[in-house]
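>>> okay, sequence plus prediction incoming.
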Amino acid sequence: MGAKLKVTGLLTLGAVAGALTTMQLTAIARNNYAPIPLAEMQQLARAFEILKSDYVEPVDEKKLITDALTGMAAGLDPHSQYFDRKSYKEFREAVSGKFVGVGIEIGMEDGVVKVVSPIEGSPAFKAGLKSGDLITKIDDTAVKGLAMDQAVKRMRGEKNTKVALTIFRKAENRSFTVTIVRDEILTQSVRAKMVEPGYAWLRVSQFQERTVEDFATKLQDLYKQDPNIKGLVLDLRNDPGGLLEGALALSAAFLPTNVVVVSTNGQIPDAKATYTASPEIYARRGYDPLRGLPAAVKSVPLVVLVNEGSASASEIVAGALQDHHRAIVMGAQTFGKGSVQSVRPLTPEGDTALKITTARYYTPSGRSIQAKGIVPDVWLDETAEGNVFAALRMREADLDKHLMNGEEKDEAREKAREEARKKLEDQAAKIKDGTIKPLPEFGTTEDFQLAQALNRLKNRPVMVSKTMTERAPEATAEQ
């Protein structure tokens, strides 16, 4: 694999921000849809007839319709999308945090799947897979050459079916095959630990249906370990977003009751709303998962870590805590996805749907961060030596058809990205195996940004970035 492909692969495995987007999953039944433009619909029907009858080869009718629906949604903005049955099922799995598989968090290394961590209690965990194990074959298929999503699909399947994984364990310099029975997996979107006496780290990797309950449980566990926590780091780096209610609940955990967390504004009445830090807003079926949290959570010194991969729901949290002066936001300017998507089923069975952008969101002070992001209070580089991948990461403003100024590209940003890519590729070419060293895992002792956040909580000197600055705002006024 060439250096260029390795660099691209590293970025892909980082954070494709906004993939989950901030969503409201409540289906709204509305009968006041705009009249159908009959002339244009007749053109669409005529085009369908021509393609079906005159194309060089027979065409699948359902595929034509699916492609038309896909094009309609994708032509609006980067986050609107048509879901067919298969993609809607996958989407619901991602939001729910449940799927059927073997239960491992994975990355890629040297073209094969690397086990980052087996999920506790999963079939893979019970089968003895360990962090660092390399998966070289899935059943009879060699992993080398597969994209990560292809490898994931092969490991997933129906509940109670078997999959054979060939493992290479570096520490023991041996290969072996293990047969695992697939089962329903509950993904862990929240991790937490006491990094040292008095100081805690709590990471939210995305906002799923179980995130709030997991967040509350992890935070309670931290206070059981140390009832007198002196400082907490809320890590939202590379968090691509998810459910709006999760962002509201996490913000409410740290803010006074009933203060504004976020407001939204769009074309339909349901899109014009103000959300506050109250259980009535985020609780499900009357149950408030935050009610058991210690009172100290409201006042514990707090740092929020963000980066270019922090998007959507994670930006709501960072913006609310920043505007209310409840936390110091440290890191890099965030992704800038300031829009809300709603999911609308298209069939009575509810097996296909449209995910469409229905509103912009605004921080408590009235800021729209669409295509801009949250600007940190303290800028940090990725490592003590500087930034490695920051300039290469895509942001909302780089996406075609994004809200605001969608037709123009920031040439300076494009140039910086290409220069950074070339620099990495040149470095990779000089290394024997062409492998660029990835950034340290979040939450480890090698995590430079976490170390700076802890320094801030302890009132010690912080190694502030000397090169990172706020990105220029877009030239076109907000629509």
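Structure received. Numbering: from 1, shown residues only.
>>> C-alpha only now, for contacts and for neighbours.
Noted.
>>> which stretch of helix or strand covers Ala164?
strand 162-169 (DSSP states H and E).
>>> centre of the chain to that strand, how far?
Counting by CA atoms, centre = their mean, to the nearest Å, strand 162-169 is centred 28 Å from the centre of its parent chain.
>>> where do the helices sit along the protein?
With DSSP state H as the criterion, the chain has helices at 3-12, 38-54, 61-74, 85-96, 123-126, 148-155, 211-225, 244-254, 279-282, 313-323, 411-430, 448-457.
>>> and the fifth one, which residues are buried?
In other words, helix 123-126. Judged by neighbour count (16 or more other CA atoms under 10 Å), helix 123-126 contains these buried residues: 123-125.
>>> other residues contacting that helix?
Applying CA atoms under 8 Å, 6 or more residues apart in numbering, the external contacts of helix 123-126 come out as 102-104, 118-119, 180-183.
>>> same check on the second one?
By CA under 8 Å, 6+ apart, the residues outside helix 38-54 that reach it are 58-61, 64.
>>> from Ala283, how far out is Asp270?
Note on Asp270: its distance to Ala283, by CA to CA, to the nearest Å, is 19 Å.
>>> of the two, who's got more company?
Neighbour count, other CA atoms under 10 Å: between Asp270 and Ala283, Ala283 has more, with 17 against 12.
>>> show me the shaky parts of the stretch 251-400 of the chain.
Counting by pLDDT under 70, the low-confidence segments of the stretch 251-400 of the chain come to 391-395.
>>> ok, which stretches of it are strands?
For the stretch 251-400 of the chain, the strands defined by DSSP state E, counting those that start in this stretch occupy 260-265, 273-276, 302-306, 328-331, 339-345, 353-362, 378-379.
>>> make a markdown table from those strands and add distance to Ala296 to it.
Putting the strands of the stretch 251-400 of the chain into a markdown table (distance: least, CA to CA, whole Å) gives the following:
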| stretch | distance to Ala296 |
| --- | --- |
| strand 260-265 | 20 |
| strand 273-276 | 20 |
| strand 302-306 | 11 |
| strand 328-331 | 17 |
| strand 339-345 | 32 |
| strand 353-362 | 28 |
| strand 378-379 | 25 |
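>>> for Gln81, find the nearest of those strands.
Closest approach to Gln81 among the strands of the stretch 251-400 of the chain (CA to CA): strand 353-362, 5.1 Å.
>>> other SSEs contacting that closest one?
For strand 353-362, the elements it packs on are strand 81-83, strand 260-265, strand 339-345, judged by 3 or more CA pairs under 8 Å, 6 or more residues apart in numbering; DSSP states H and E.
>>> make JSON lines out of the ones you listed and add distance to Ile36.
Formatted as JSON lines, those follow (distance: least, CA to CA, whole Å):
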{"stretch": "strand 81-83", "distance to Ile36": "19"}
{"stretch": "strand 260-265", "distance to Ile36": "25"}
{"stretch": "strand 339-345", "distance to Ile36": "18"}
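>>> now these as JSON lines including distance to Met463 and mean neighbour count?
Output for the helices and strands packed on strand 353-362, formatted as JSON lines (distance: least, CA to CA, whole Å; neighbours: other CA atoms under 10 Å):
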{"stretch": "strand 81-83", "distance to Met463": "42", "mean neighbour count": "23"}
{"stretch": "strand 260-265", "distance to Met463": "30", "mean neighbour count": "22"}
{"stretch": "strand 339-345", "distance to Met463": "33", "mean neighbour count": "23"}
